[in-house]
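Undergrad: Need a 3D model of the following:
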Amino acid sequence: MRRKMCAAAGAAAAVALLAGCGGQAATGDGDSPYNGSEIEGAFTLPSTEFTDNKGEPYELKADSAGTYTAVFIGFTNCPDICPTTMADMSQAAGMLDEAERDQFRTVFITADPERDDPELLDMWLGSFDPSFVGLTTDLEKTDATAEELGISVSRPEDRSGDYQVDHGGQTLLFDPEGDSKVMWSYGTEPEKIAEDLETVIGEDA
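TA: Got it, this is the predicted structure:
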């Protein structure tokens, strides 16, 4: 997949942070408690209605309430960024203790809803972690959600054959109220993600 321009939306501080969403892993500055980039309050989970990988309705903000939610936008036919990121998130979740895992979930929103139906999402995500939630909706809602989260998505006009979807490589972590906390760019090591999750969850303990 050819990538990757991260669209900046929201606070001016987030614009600078999202500029680092290419292939290099971003780390927090010396004043940040996180390995990732601190984006507290820069984005809010939108109330978009999706269908999840079990074929059930899923309203992004309402159904994520009460948990720390990592959101990634990609597609199952992605050759590199998406499977690597899902594997990293699975490893990171596995480093948490049981109480921390109970407060955390990973949500994968497909940027390719024309091909990624719930059944395919369920099978693909299940190969990484059965607890992962996959979401699909129409193109208009998908793109509006991506824009609200400052994540770029671009598809070719001709979507016949084995086409690719360009998308931002960042994963955003939201608190139980649906406000953004931390951004990890592609390539952030699972250990560093797990450390950030422990920090964020511990802050509110």
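
Undergrad: Could you report the distance from residue 49 to residue 122?
TA: 19 Å (C-beta to C-beta, to the nearest Å). C-beta: built from backbone N, CA, C; applies to glycine.

Undergrad: In three-state terms, how would the residue lying closest to residue 135 once chain neighbours are set aside be classified?
TA: Of all residues not flanking residue 135 in the chain, residue 50 sits nearest, at 3.8 Å (C-beta to C-beta, 6 or more residues apart in numbering). Three-state call for residue 50 (DSSP: H, G, I helix; E, B strand; the rest coil): strand.

Undergrad: Could you give the number of residues near residue 41?
TA: Residues lying near residue 41 (other C-beta atoms under 10 Å) number 14.

Undergrad: Can you tell me the SS state at residue 106?
TA: strand.

Undergrad: Offset the numbering so it begins at 394, please.
TA: In the new numbering, first residue 394, that becomes residue 499.

Undergrad: What is the burial count for it?
TA: 23.

Undergrad: Do I have it right that it meets residue 467?
TA: No. The pair residue 499 / residue 467 is not scored as a contact, 11.7 Å apart, by C-beta atoms under 8 Å.

Undergrad: which phi and psi does residue 496 have?
TA: With angles defined as degrees, to the nearest 10, residue 496 sits at phi -100, psi 10.

Undergrad: Residue 442 and residue 515: which has the busier surroundings?
TA: Using other C-beta under 10 Å as the criterion, residue 442 and residue 515 rank with residue 515 on top: 17 against 14.

Undergrad: per-residue confidence at the more buried one?
TA: What the model reports for residue 515 is a pLDDT of 98.

Undergrad: what about the protein, any weak spots by pLDDT?
TA: Where the chain drops to pLDDT under 70, the residues are 394-423, 598.

Undergrad: all helices for it, in order.
TA: For the chain, helices defined by DSSP state H occupy the ranges 405-411, 453-457, 474-487, 491-495, 511-519, 532-541, 583-596.
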